[in-house]
Structure formats: structure tokens, C-alpha cells
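Participant: Make a model of this:
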Amino acid sequence: MILPQIHRSLTRGDLACLLDEIARSDRRDAALAAEQLEAGEVDEVLEAPAAVAAVRGRAGVPGSVPLALLWYVPIRAELRGRDEPDVELADYTATLCVAFQRSPALRIGNARAVRLSDWREAIRALPSGTVAQGERAADCGGLALWWAGCFPERVARLGPGAPRAYTTFAATALTLAARMLAGPAPAAADLFHRAAERADVLRDSLAAARADYLGRDAHSAEGRLTRFLSRLEPPSPM
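Facilitator: Presented below is the predicted three-dimensional model:
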């Protein structure tokens, strides 16, 4: 069962990499971040504009930081920009990216990994109301959320309304997991309940954060230039 793991697994080496990236743009920001880390203010550093800019990189190339930070820092920023202050939700959403990106069985080339019918059947295959079924519902819900947020173009090819269907499935599966795990794993159940309620926001934050890594032409010279220029002059508010 996938649970938030980025915060508890961060090392001093991971944070040192982030400081190095910040210093490449502004040594004063890096010095301030170092002082905050020494004071135990890790969240303040991870949420700072300097950290977000460092992770997003220069000239459209993401910063040289661990995979967990490449996802967590921009997702946290996107959620905060959408009035979602829940740090654990940010950690959970970023953890989905790290967990599924590292799993060979869930590579984008595996067509069966994107079918809602397979996930529904996988949940129904386990005894109803059991912890095992709850855990599988949680992982299937997280997987649907990941696909809807990180690969919306691929999901859209499955038919009209597919992206919405994936988000709805994610919310339903996470709600089911929350109900079944309320007794044996109340903390996890509470997390899945909150994730289900904010599924749209989590998907939108994933979609925005993934543009640097997985978006259309993300790794082409033209794509990098486009992202770099867009950061120089952010769109004017409507």
C-alpha cells in the first residue's frame, strides 16, 4: 500500500543537493536555506520560492536533485497555489509519482495498466470489506490519479470523458479504501479520505508539475526553450 514516504526518507545528502542547486542561482538564498535547515525548518526550505526555482531548473532543464525532490517540491508549490496546505497530501501525491515511475510493471508501454475495468476487477477479486481489499483499492485509486494527472493525453485517447472518469474512479476507490481501513489503519484511512475529497486538485497539481518531465516535447530543445521563456514572463492575471 502506497503511503507518504518522501519526508521520512529525505537524507542530509538530499537536502545538500537542493542547497547546491539553490546556490547556483543565488548564494544568499542558499545561505538562508542552510540556516533554516540547521534550525530544523525543513518544510520552510522545501516550500521556498528559491527551492521551487532551483528544482525547476534553468533553460528548461530540471535541477540536479533526487527524484523525490523533483516531484515533491513542484507538487507542493502547485497545491499551495490551489489553496491546499496539507503537507501530507503533497507528500502522498509526490510519492505516487516516485513509486509508479520506478515500477517496471507500470511503464507507459503496458497498455493494460491504464484500463479501469482491470482495476475494478482487481478490487472485486478480493473478499469484500477486508483489509486486503481496502489496500488494493487504495493502490488502484492512486494509480488512476497518477495516470489522470501525469498522462492526460494518453488517457484522453481512450474516449470522451476518460480523464474525468479516471479522477472519479480514483476518488471512489480511495473512499472505499478509507472505509475499509478505518479500523485497522485509521491514519491511512484519514489520508485516503482527504485525498478522495481533493482528487481534482491533486490531479491538477500533478498535471502542472509533470510538464517539466513528462509533458509533450518535455525533453526536446524547443520544449525546454518554451518552458524557460514562459518562466521569464509569467502570464498576466485575467
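Participant: tell me the domain boundaries of this structure?
Facilitator: 1-102, 105-223 (automatic domain parsing).
Participant: Make a markdown table out of those and add mean neighbour count and mean pLDDT.
Facilitator: C-beta coordinates here come from the backbone N, C-alpha and C atoms, glycine included. Below are the domains of the chain laid out as a markdown table (neighbours: other CB atoms under 10 Å; pLDDT from 0 to 100):
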| stretch | mean neighbour count | mean pLDDT |
| --- | --- | --- |
| domain 1-102 | 18 | 92 |
| domain 105-223 | 18 | 85 |
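Participant: now the residue of the chain most remote from its centre: how far from residue 2?
Facilitator: In the chain, the greatest distance from the average C-alpha position (CA atoms, centre = their mean) is reached by residue 127, at 30.1 Å. Using CB to CB, to the nearest Å, one gets 21 Å for the distance from residue 127 to residue 2.
Participant: The residue nearest the centre of the chain: what secondary structure?
Facilitator: The centroid of the chain falls nearest to residue 94 when counting by CA atoms, centre = their mean (3.1 Å). For residue 94, the assignment made with DSSP: H, G, I helix; E, B strand; the rest coil gives helix.
Participant: thought it was touching residue 75?
Facilitator: Yes - between residue 94 and residue 75 there is a contact under CB atoms under 8 Å: 4.8 Å.
Participant: how about the helices in this protein?
Facilitator: 6-9, 12-25, 27-38, 42-47, 49-56, 67-81, 87-101, 116-124, 131-150, 152-156, 162-181, 186-197, 199-209, 221-232 (DSSP state H).
Participant: What are the contacting residues of the fourth one?
Facilitator: In other words, helix 42-47. 7, 10, 15, 18, 33, 36-37, 51, 69, 72-73, 76-77, 80, 87 (CB atoms under 8 Å, 6 or more residues apart in numbering).
Participant: quick one: which of the residues you listed is nearest residue 150?
Facilitator: residue 72 (14.5 Å; CB to CB).
Participant: Assess the claim that the closest one and residue 9 are in contact.
Facilitator: No - look at residue 72 against residue 9 with CB under 8 Å: they stay out of range, at 10.6 Å.
Participant: distance of residue 163 from residue 98?
Facilitator: Residue 163 sits 22 Å away from residue 98, going by CB to CB.
Participant: I meant to write residue 116 there.
Facilitator: Separation of residue 116 from residue 98 (CB to CB): 23 Å.
Participant: for residue 180, same thing?
Facilitator: Distance of residue 180 to residue 98, computed by CB to CB: 25 Å.
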